[in-house]
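K.L.:
What shape does this take:
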Amino acid sequence: MSVLELKNIHFSYEKKSPILDGVTLSVGKGEIAAISGNSGCGKSTLAMVACGVIPKSVHGRFSGSVTVMGEDIKDKEIFETAQHISMVFQDPESQLFSPQVIDEVAFAPENLCFPMQQINDAALGALQTVGMSDFGTFAPDKLSGGQQQLVALASILSLDPEIIILDEVAAQVDDDGTGLLRTAVKSLKQRNKTVIIIEHGNTFADLYDSAYVLSGGTLA
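P.N.:
Residues are numbered from 1 along each chain as shown. Next comes the predicted model:
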């Protein structure tokens, strides 16, 4: 069963040449799919298309269709799409802004006005999934880079999305942090979540079910 389908995606920033030029991709439920390619080839752009950030918030010349959980996201708001597909960025500090870890993780369901008990359960469950249950009262800026990435991951898991995109999440963390992230990805795989990993290296290569290379605006 495909949970994410991108069909004939074309995108260019303003008047520049197309960075995505006919990308088609289908990812199945529970699959761990990797997307690699040289810097500037459009990997993060493709991730933003999948999440609906392009063309909703980041504008340019866009065409094609994106289907998440069987529904075209063209007419959906980003917050609606985020309940099914969400992304963790390379720099965790760009996503963390709350004074305590538990506040950070609870923010998304709280912002969507979930019932209080559901918010608490979702936040605690997300922290448990990434192995950060003991850090709820910590300030995010006091954590290591790897721990910050785990909090960023937990902050999207609190919405329990079916699809998680990890965009170069191991690029700025040390070996210990990378080990924590690998453990978290294995946990997601055990829960049959769909994970799309964007990376230059092979940190998660042994976990891949499929792998694609983005080059010249298309996938191979």
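
K.L.:
Report the buried residues of the top helix by length along the chain.
P.N.:
Assignment by DSSP state H gives helix 175-190 as the longest helix of the chain. For helix 175-190, a neighbour-count test (16 or more other CB atoms under 10 Å) marks Gly177, Thr178, Leu180, Leu181, Ala184, Val185, Leu188, Lys189 as buried. Heads up, the C-betas are built off the backbone N, CA and C, glycines and all.

K.L.:
List the residues that contact the fifth one.
P.N.:
Put plainly, it is Ala184. Thr129, Val130, Gly131, Leu150, Leu153 (CB atoms under 8 Å, 6 or more residues apart in numbering).

K.L.:
can we see that at 6 Å?
P.N.:
Residues in contact with Ala184 (CB atoms under 6 Å, 6 or more residues apart in numbering) are Val130.

K.L.:
pLDDT averaged over stretch 174-183 - what is it?
P.N.:
Across stretch 174-183, the average pLDDT comes to 88.

K.L.:
First-to-last residue distance for stretch 81-88?
P.N.:
End-to-end span of stretch 81-88 (CA to CA, to the nearest Å): 15 Å.

K.L.:
follow-up on the earlier one: and which of the buried residues of helix 175-190 is nearest Pro109?
P.N.:
Leu188 (18.4 Å; CB to CB).

K.L.:
And the next helix or strand past the longest helix of the chain?
P.N.:
On the C-terminal side of helix 175-190, the closest following helix or strand by DSSP states H and E is strand 194-198.

K.L.:
Can you list the strands that that following strand pairs with?
P.N.:
Neighbouring strands of strand 194-198 in its sheet, by DSSP bridges, are strand 32-36 (parallel), strand 163-167 (parallel).

K.L.:
now the ones you listed as JSON lines including distance to Asp103 and mean pLDDT?
P.N.:
Output for the strands paired with strand 194-198, formatted as JSON lines (distance: least, CB to CB, whole Å; pLDDT from 0 to 100):
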{"stretch": "strand 32-36", "distance to Asp103": "30", "mean pLDDT": "96"}
{"stretch": "strand 163-167", "distance to Asp103": "21", "mean pLDDT": "96"}
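
K.L.:
Ok, which of those strands comes nearest Ser17?
P.N.:
That would be strand 32-36 among these, by CB to CB, at 20.1 Å.

K.L.:
Give me the distance from that closest one to the chain's centre.
P.N.:
Put simply, strand 32-36 sits 12 Å off its chain's centre (CA atoms, centre = their mean, to the nearest Å).

K.L.:
List the contacts of that strand.
P.N.:
27, 43, 189, 195-198, 207-214.

K.L.:
out of these, which one sits closest to Ala122?
P.N.:
The closest of the contacts of strand 32-36, once distances to Ala122 are taken by CB to CB, is Val195, at 19.1 Å.
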